[in-house]
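[1] Dropping the sequence and predicted coords here.
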Amino acid sequence: MKVIIARHAETSENVKEINIGRDVDPLLTDIGKQQAKKLADFLKKEDIHFVYISPQKRAVHTAQEVLKHHPGAKVAEIAHLKEQNLGIYESLPKHEWKKIKAKASEPFHLFKPPKGENYVELKARVGAFFDNLVSRHEHDTVFLVSHGSALGILYLHIFDKEITEENYKMYRPENTAITILEIFKSADWRKTVKVHTLNSLEHLH
């Protein structure tokens, strides 16, 4: 399986440094729309068979640009690919969010916003989807569009890394960052992962 993974393009909340999670649904900025077009142009030569998208607008609108070049691809919106549920901290300025996490008594991976989800729960959600993806698309090229935190944690699942703040920051993608992986179906598929590119922004330049 060849899997191409991208984070959605820039939104107004990204620019304002505001937390946007599962329940906030901003649109792309003008720069974000250009990023999506550049992403689409970069991927137009790929033979994409299946597209899985977070149902949140910023992911859908990003994917729509790519799909203009792949009209025959089968498309599905997948709730498992939504952003982390930030609970009562949705729409909080990021500097305030960082202060709250710094004061938390729980370790990084277990910190859970009230009415939200922690990174362990997020990993279980995105990881379960990806495991199923590997089992069903052995010979396909698949394209995923999701979100910064969801993808940062998904990469920790794929590369079998611990959920630590250092690892999370290392793998969390920027807007429209592209990862291209080749995975061979096996009892332990993580050992077969071949990385072609990881969180690349080459297409924006």
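    That came through fine. Residues are numbered from 1 along each chain as shown.
[2] Residue 190 versus residue 57, what's the distance?
    Counting by CB to CB, to the nearest Å, the gap from residue 57 to residue 190 is 32 Å. Heads up, the C-betas are built off the backbone N, CA and C, glycines and all.
[3] right, I mislabeled it, should have said residue 98
    The spacing between residue 98 and residue 190, counted by CB to CB, is 31 Å.
[4] Now do the longest helix seen in the chain: which elements does it pack against?
    Assignment by DSSP state H gives helix 119-136 as the longest helix of the chain. Packing contacts for helix 119-136, counted by 3 or more CB pairs under 8 Å, 6 or more residues apart in numbering; DSSP states H and E, involve helix 148-158.
[5] what's the following helix or strand after the helix it packs on?
    Where DSSP states H and E defines the elements, the next helix or strand beyond helix 148-158 is helix 165-171.
[6] Touching, residue 114 and residue 88? I think so.
    Yes. Using CB atoms under 8 Å, residue 114 is in contact with residue 88, at 4.9 Å.
[7] how close does residue 139 get to residue 49?
    Distance from residue 139 to residue 49, by CB to CB: 9 Å.
[8] Let me fix that, I meant to ask about residue 6.
    16 Å.
[9] Check residue 31 too.
    Distance from residue 31 to residue 49, by CB to CB: 30 Å.
[10] Any idea how many residues pack against residue 83?
    A count of neighbours around residue 83, defined by other CB atoms under 10 Å, yields 25.
[11] mind starting the numbering at 4 from now?
    With 4 as the first residue, the last one maps to residue 86.
[12] Other residues contacting the longest helix of the chain?
    4, 6, 55, 81, 83-84, 87, 111-115, 120, 145, 149, 152-154, 156-157, 159-161, 166, 171, 186, 188, 192 (CB atoms under 8 Å, 6 or more residues apart in numbering).
[13] try stretch 151-159
    The contact list for stretch 151-159 (CB under 8 Å, 6+ apart) reads 8, 10, 24, 57, 84-87, 122, 125-126, 129-130, 133, 149, 164-166, 170-172, 174-177, 182, 201.
[14] Off-centre distance for it?
    6 Å (CA atoms, centre = their mean, to the nearest Å).
[15] average model confidence for it?
    Per-region confidence: stretch 151-159 scores 98 on mean pLDDT.
[16] List the strands paired with whatever helix or strand comes next after the longest helix of the chain, with their directions.
    The C-terminal neighbour of helix 122-139 among helices and strands, as given by DSSP H and E, is strand 144-149. Paired strands of strand 144-149, with direction, are strand 5-10 (parallel), strand 53-56 (parallel) (DSSP bridges).
[17] would you turn the ones you listed into CSV with distance to residue 64?
    Formatted as CSV, the strands paired with strand 144-149 follow (distance: least, CB to CB, whole Å):
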stretch, distance to residue 64
strand 5-10, 12
strand 53-56, 10
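[18] Which residues outside stretch 87-100 are in contact with it?
    Residues contacting stretch 87-100 (CB under 8 Å, 6+ apart): 16, 19-27, 103, 115-120, 122, 125, 150, 152-153, 156.
[19] Would you work out how far apart the start and end of that stretch are?
    Stretch 87-100 has its terminal residues 14 Å apart, counting by CA to CA, to the nearest Å.
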